[in-house]
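Sequence and computational prediction follow.
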Amino acid sequence: MYIRVLDRSFKALLYFVLATFSSLFSQAQTSDNIRLPQFKFNPRAGEYDTVGFKKAEEISKDAAGILETEIDPAQYILGPGDVLHVFVLTSITTELDAVVSPEGKLLLPNIGIVNLKNKSLAQADSIVRQRIEKVYKAREVAVSLKKLRTFKVSLLGAVRKPTMINATAADRISEVIDRAGGLLHNSSLRRIVVEREGATAAIEADLQKFYSLGDKSSNPTVLGGDRITIPYTFEKQTITVLGDVALPGVFEFKEGDRLSVALRFAQGFLPSSYLDSIEIVRFRANGVDIERIFFDASTWVGSSLSSIPESYDITLKSGDRIFVRTIPEWQKSATVAVRGEVKYPGTYAITKNSTRLKDVIAMAGGFTENAALESSVLVRRKELEVEDREYWRLMNVPQKDMSEDELRYFRARARENRGAIVVDFKNIETDAAGNTILEEKDSVHITSKRLFVNILGRVNSPGRIPFNEQYTYEDYIREAGGYGYRADKGRSVIIKPNGVQYPSDSRSYRIEPGDDILVPEEEEVKYGEIFTTGLTVLAQIITVIAVVVSLTQNNNNN
């Protein structure tokens with residue numbers, strides 16, 4: 001018994017928890033529905049977005065009957081289900097609500113039946129006033145629309161769900177389509193046909209103009225019984241706008257389209273657009289060859305593109321591709337970076353083919369007292385972007401398999417400081433060659449003084465020795481503990497910060513802060529190779545002697 005009670009209690013608790021989470025989840029969904037933006041139609045999506053279409057359908061249903069602006073009485077046509085509010089001012093004020101019958105008639109007490117079939121709201125106001133004034137001496141009569149009717153319209157063709165849809169006279173074609181799940185990826189936006197009872201001709205809708213230009217006349221409201229047909233479109237029935245426009249893309253073509261319309265679909269020109277040579281590439285009649293048409297639209301500057309006279313426009317054809325070029329060098333900013341020992345390191349704008357190195361150094365406030373000008377460098381980035389295919393090929397080749405020329409080239413390129421421009425920073429004020437013109441993305445690196453000399457290689461204590469103006473090469477070697485085992489004294493070199501090398505026994509250098517002293521190792525003597533080479537040479541000598549002796553004996557015998 002207790003087990004049953006506990007089991008029931010557990011189930012009750014479980015149901016309570018599930019109900020609570022269900023309630024919270026529903027609230028979260030409601031909140032999400034409020035925050036979600038309205039579904040935006042993408043006519044070229046290749047897949048059907050189930051969630052997107054569902055949200056669009058829900059939002060469209062929520063917006064059903066909501067007015068986007070006040071109703072124009074002269075345009076609104078009454079129909080079955082509309083509720084009219086009639087106000088009559090006499091000695092006693094009378095107000096009543098009357099519903100338009102399925103036959104299009106309005107029944108007014110003490111007045112009779114008023115036929116309002118296919119009448120506008122403004123006409124209904126005039127007709128009802130005249131009928132009331134025949135019965136009452138009314139000082140004022142007013143007829144207003146209190147409630148919109150709902151009716152059905154048919155959706156056929158390239159829609160997700162061809163069906164009958166509930167709508168109101170305030171709904172537009174795009175809203176009705178969204179309520180049916182939206183268009184397919186190959187639905188036509190510009191050839192939608194609305195067949196309306198009593199209309200002498202079909203009504204055409206162009207949703208591309210509505211979506212791109214906000215043209216409400218291209219997205220009319222619906223009436224009861226409307227038959228909306230959405231045809232399919234094909235990839236070849238398009239025009240393409242590319243280049244310097246706000247929204248490049250592919251748009252559906254409709255007979256009679258002009259260049260200005262296509263550019264409005266692409267949201268117009270940018271300030272950098274080159275207008276005097278807009279190019280239109282068009283297929284010839286054979287569908288293979290093309291022709292190029294250049295159009296000068298420079299007179300369109302400042303216009304909205306909506307009022308271009310036909311004489312200044314050009315008619316397009318299906319398949320046309322429109323290219324809008326960019327003005328060369330349009331507001332192209334060139335900058336260089338200055339880093340290191342300057343007063344104001346940073347990035348500075350330069351004028352192409354004009355700004356020199358000394359100008360940028362002056363912008364950066366000049367050198368600091370700690371600047372080491374002899375080791376500073378200017379790096380040209382565009383040189384780094386030049387691909388050396390031979391070097392990268394040799395990277396994958398073992399050095400033992402390289403020829404002498406290949407190995408020499410590979411080693412030279414490996415030691416190269418790529419992109420570095422040789423500059424004498426000490427004399428940029430007076431040296432015109434060193435005061436080079438800067439280019440986009442150049443980098444100036446002003447290094448700090450190194451108050452030491454670096455000892456490398458075969459010494460007993462390699463490392464940095466504090467710089468001393470009185471020290472010679474031998475003094476620095478002594479400070480580094482002297483030469484080490486198998487040090488090659490004759491091949492020792494002094495390497496300057498800019499890469500210049502001097503033999504240690506040369507008299508044309510002076511050791512300065514930041515210099516490197518390299519003491520290389522003696523080349524290893526490979527006795528085995530020497531022995532083998534000696535035997536080979538000795539064998540060749542013996543062979544030559546034997547041949548000479550043999551020839552001499554033969555001559556003596558003869």
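Cool, got the structure.

which other residues reach the top strand by length along the chain?
Ranked by residue count, the top strand of the chain under DSSP state E comes out as strand 273-283. Among residues not part of strand 273-283, those counted as contacts by Cβ atoms under 8 Å, 6 or more residues apart in numbering are 243-245, 259, 269, 289-298, 300-301, 314, 316-317, 319-328. Where C-beta positions appear, they are placed from N, C-alpha and C, glycine not excepted.

in the helix or strand just after it, what counts as buried?
Where DSSP states H and E defines the elements, the next helix or strand beyond strand 273-283 is strand 290-295. Buried residues in strand 290-295, counting neighbours by 16 or more other Cβ atoms under 10 Å, are found at Phe295.

again, but for stretch 231-243
If you call a residue buried by 16+ other Cβ under 10 Å, then stretch 231-243 has these buried ones: Thr233, Gln237, Thr238, Ile239, Thr240, Val241, Leu242, Gly243.

give me every residue that touches the residue nearest to the first one when sequence neighbours are not counted.
The reference is to Thr233. Distance criterion Cβ to Cβ, 6 or more residues apart in numbering; nearest residue to Thr233, sequence neighbours excluded, is Ser188 at 4.1 Å. The neighbourhood of Ser188, defined by Cβ under 8 Å, 6+ apart, consists of Ala158, Ile230, Pro231, Tyr232, Thr233, Glu252.

Of these, which belong to strands?
Per DSSP E, these map to strands at Ile230, Glu252.

Which residue ranges of the stretch 401-550 of the chain form helices?
Applying DSSP state H, counting those that start in this stretch to the stretch 401-550 of the chain gives helices spanning 404-415, 473-479, 527-557.

Residues in contact with the shortest one: which ones?
Same thing as helix 473-479. Against helix 473-479 from outside (Cβ under 8 Å, 6+ apart): 453, 455, 459, 465, 468, 471, 483, 492, 494, 504, 511, 517, 519.

Just give the nearest non-adjacent residue to the last one, would you?
The one in question is Val519. Ranked by Cβ to Cβ, 6+ apart and with sequence neighbours excluded, the top spatial neighbour of Val519 is Gly457, at 3.9 Å.

Name all residues that make contact with the one you found.
Gly484, Ala487, Ser492, Leu518, Val519, Pro520, Glu521.

Export those residues to CSV and append columns for pLDDT.
Formatted as CSV, the contacts of Gly457 follow (pLDDT from 0 to 100):
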residue, pLDDT
Gly484, 87
Ala487, 85
Ser492, 88
Leu518, 90
Val519, 89
Pro520, 88
Glu521, 84
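
any idea which of those residues is closest to Ile192?
Closest approach to Ile192 among these (Cβ to Cβ): Leu518, at 82.3 Å.

quick one: that closest one from Ala420, how far?
Counting by Cβ to Cβ, to the nearest Å, the gap from Leu518 to Ala420 is 20 Å.

same question, Pro462
With distances taken as Cβ to Cβ, Pro462 is found 26 Å from Ala420.

Also Ile111?
Distance from Ile111 to Ala420, by Cβ to Cβ: 100 Å.

Hmm, Val176 and Ile228 touching each other?
Yes. Ile228 is within contact range of Val176, at 6.8 Å (criterion: Cβ atoms under 8 Å).

what residues are shared contacts of the two?
By Cβ under 8 Å, 6+ apart, Ile228 and Val176 have these common neighbours: Val153, Leu155, Val222.

mind listing the helices for the stretch 101-250 of the chain?
Using DSSP H, counting those that start in this stretch, the helices of the stretch 101-250 of the chain run over 121-135, 173-179, 207-213.

Need the residues that contact the longest one.
Just to be clear, that refers to helix 121-135. 71, 73-74, 76, 78, 84, 86, 88, 106, 108, 110-112, 114, 116, 119, 138, 141-143, 145.

now do 10 Å
71-78, 82, 84, 86, 88, 90, 94, 98, 100, 106, 108, 110-116, 119-120, 138, 140-145 (Cβ atoms under 10 Å, 6 or more residues apart in numbering).
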